[in-house]
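Q: Dropping the sequence and predicted coords here.
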Amino acid sequence: MAGLTGDNAPCPKSLIVVIKLGTSSIVDEKTHEPLLPILSLIVSTAVKLRKDGHKVVIVSSGAIGVGLQRMDQDKRPKHLHALQALAAVGQCRLLSLWDSLFSHYRQPIAQILLTRNDIADRTRYLNAQNTMAELLDMGVIPIVNENDTVAVAEIKFGDNDTLSAITAGMVHADFLFLMTDVDCLYDKNPRSNPDAKPIEVVKDISSVQADVSSAGSSLGTGGMATKIVAAKLATSVGVMTVITRSSRPDNITQIVRHVQDQSRSSQQAENSVANGSASVPLHTRFLPSPEPIRDRYFWLLYGLAPHGTLYVDAGAHRALAHKAGLLPVGVLDVEGSFASHEAVRVVVVERSSEPGPDGKLWHGTPQEVGRALVNYSSSEIQRIKGHRSNEIHSILDYGDSDYVADRDNVSLLLHESRPVTPTQ
């Protein structure tokens, strides 16, 4: 979040704010009627942000919920083709609703529908990124949603919390607001524990201890757990992420101004307090990483679905951390079936001095440390693993590269690793 850190840093003239709305914020869970009072408040909030000089993106769920209402159906169907048909009906109505509300303020909007395939293909990813940047420069508010009409399980984001975090990374956002039915994160479920304490600021998201029992509505796919995942993704790319109540969209402008006040000099902050602008509604704020992942490395880490796993030793991991490529001598095992130039997980394990009972040359708990685009297929890497680069040609009868993966095609997780199982 350039311009928002440090006491003496000037506030940027224009921030980019991404607002994510779940289905339960858009349609009534029982009647499926659009929640016009909340939607109207969201629209007025977005317009107010625009008048303050900021750029706004809305990630809007709700196509299937609106489709149910439009087709007089009571329950979300189970079959994929029925869901896709309802999404096609509902998306048309949903965008019309947004356009009607924004037109009262003469605010132009645009529709952007995405699937995982659009993100996984580098050219399409850049095209979507450039289109959104141009729309924001034109003063347009993009309305982003997953393209449920064509998406199947293999190419779905899974929930719009993840989509909103990826969108925030694509547009280099300053803020991502995840709107939900509670004010903030709590250390316990506030519905059943009166002594539950709010968690207002999270510096290290990997250590957060919060209640995530909320599983989302019957119409939606998200919940508090998916918001934690989205916050981890967004903060890793430098986006301040906020959880706040969806029924109070005006919280957004107050929180943005509060963070701006905090980023000014102490004297300016004192003036803000004296003027009464320092009061801020209850929310949870996840601070962005001081070393954010950017652009291509963000795309490698979060835009691509891995097709397999490479198990590497600690020496190979250290070399990658020092900007060297992945050599075959550091690869201990290969899992999955993948072609060259496909994405894989990079997992660190302990090298064994001799093969174990299962024939493996490693032991310990595998820890995922990043993703890579490989230069060789899984069968080729299986043959060259553990060997020196000058042996590749004699083993394969050809050698396109000395590296299993070039360093520019490897993106490492910053300050964290993820335990995995060998069968993942």
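A: Great, that's in hand.

Q: all helices of the stretch 151-300 of the chain, in order?
A: Secondary structure of the stretch 151-300 of the chain (DSSP state H, counting those that start in this stretch): helices at 160-170, 224-236, 251-263, 266-274, 295-298.

Q: can you check the stretch 1-150 of the chain too?
A: So, for the stretch 1-150 of the chain - with DSSP H, counting those that start in this stretch - the helices run 36-51, 63-70, 80-103, 116-120, 122-137.

Q: any idea which of the helices of the stretch 151-300 of the chain is most buried?
A: Mean neighbours per residue, mean count of other CB atoms under 10 Å, is largest over the helices of the stretch 151-300 of the chain for helix 160-170, with a mean of 27. (Glycine included, C-beta is placed from N, CA and C.)

Q: angle of it against helix 122-137?
A: If you take axes from the mean of the first three to the mean of the last three CA atoms, to 10 degrees, helix 160-170 sits at 80 degrees to helix 122-137.

Q: Which other helices and strands does helix 160-170 contact?
A: Applying 3 or more CB pairs under 8 Å, 6 or more residues apart in numbering; DSSP states H and E, one finds that helix 160-170 contacts strand 16-21, strand 55-60, helix 122-137, strand 141-146, strand 175-180, helix 224-236.

Q: now for these, which one comes closest to Leu94?
A: Closest to Leu94 of the helices and strands packed on helix 160-170, according to CB to CB: strand 55-60, at 6.8 Å.

Q: what's the angle from the closest one to helix 122-137?
A: Interaxial angle of strand 55-60 relative to helix 122-137 (the same axes, to 10 degrees): 120 degrees.

Q: re earlier: right, and the helices and strands packed on helix 160-170 - which one's nearest Arg191?
A: Arg191 lies closest to helix 224-236 among the helices and strands packed on helix 160-170, at 12.1 Å (CB to CB).

Q: got the contact list for that closest one?
A: Residues from elsewhere that reach helix 224-236 (CB atoms under 8 Å, 6 or more residues apart in numbering): 20, 158-159, 161-162, 164-166, 168-169, 173, 176, 178, 180, 182, 185, 202, 205-206, 208, 210-216, 241, 243, 286-289, 292-293, 298, 301-302, 413-414.

Q: Mind checking which of the residues you listed are buried?
A: 20, 159, 161-162, 164-166, 168-169, 173, 176, 178, 180, 182, 185, 202, 205, 208, 210-212, 214, 216, 241, 243, 286, 288-289, 292-293, 298, 301-302, 413 (16 or more other CB atoms under 10 Å).

Q: re earlier: mind putting the helices of the stretch 1-150 of the chain in TSV, mean neighbour count included?
A: Shown next, in TSV, are the helices of the stretch 1-150 of the chain (neighbours: other CB atoms under 10 Å):
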stretch	mean neighbour count
helix 36-51	18
helix 63-70	24
helix 80-103	18
helix 116-120	19
helix 122-137	15
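
Q: picking up where we left off before, how about the helices and strands packed on helix 160-170, which one is nearest His317?
A: Relative to His317, the nearest member of the helices and strands packed on helix 160-170 by CB to CB is helix 224-236, separated by 18.2 Å.

Q: For the nearest residue to Gly53 once chain neighbours are set aside, give its distance to Ser192.
A: Nearest residue to Gly53, sequence neighbours excluded (CB to CB, 6 or more residues apart in numbering): Ser14, at 5.1 Å. Counting by CB to CB, to the nearest Å, the separation of Ser14 from Ser192 is 43 Å.

Q: quick one: which of those two has more around it?
A: Neighbours were counted for Ser14 and for Ser192 using other CB atoms under 10 Å; Ser14 has more, 13 against 9.

Q: doesn't Lys51 make contact with the more buried one?
A: No: if you go by CB atoms under 8 Å, Ser14 and Lys51 don't touch, sitting 11.9 Å apart.

Q: Could you find the closest non-adjacent residue to Glu391?
A: Ile384 (7.3 Å).

Q: circling back: and the helices of the stretch 151-300 of the chain as JSON lines, adding mean pLDDT?
A: Shown next, in JSON lines, are the helices of the stretch 151-300 of the chain (pLDDT from 0 to 100):
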{"stretch": "helix 160-170", "mean pLDDT": "92"}
{"stretch": "helix 224-236", "mean pLDDT": "89"}
{"stretch": "helix 251-263", "mean pLDDT": "88"}
{"stretch": "helix 266-274", "mean pLDDT": "43"}
{"stretch": "helix 295-298", "mean pLDDT": "90"}
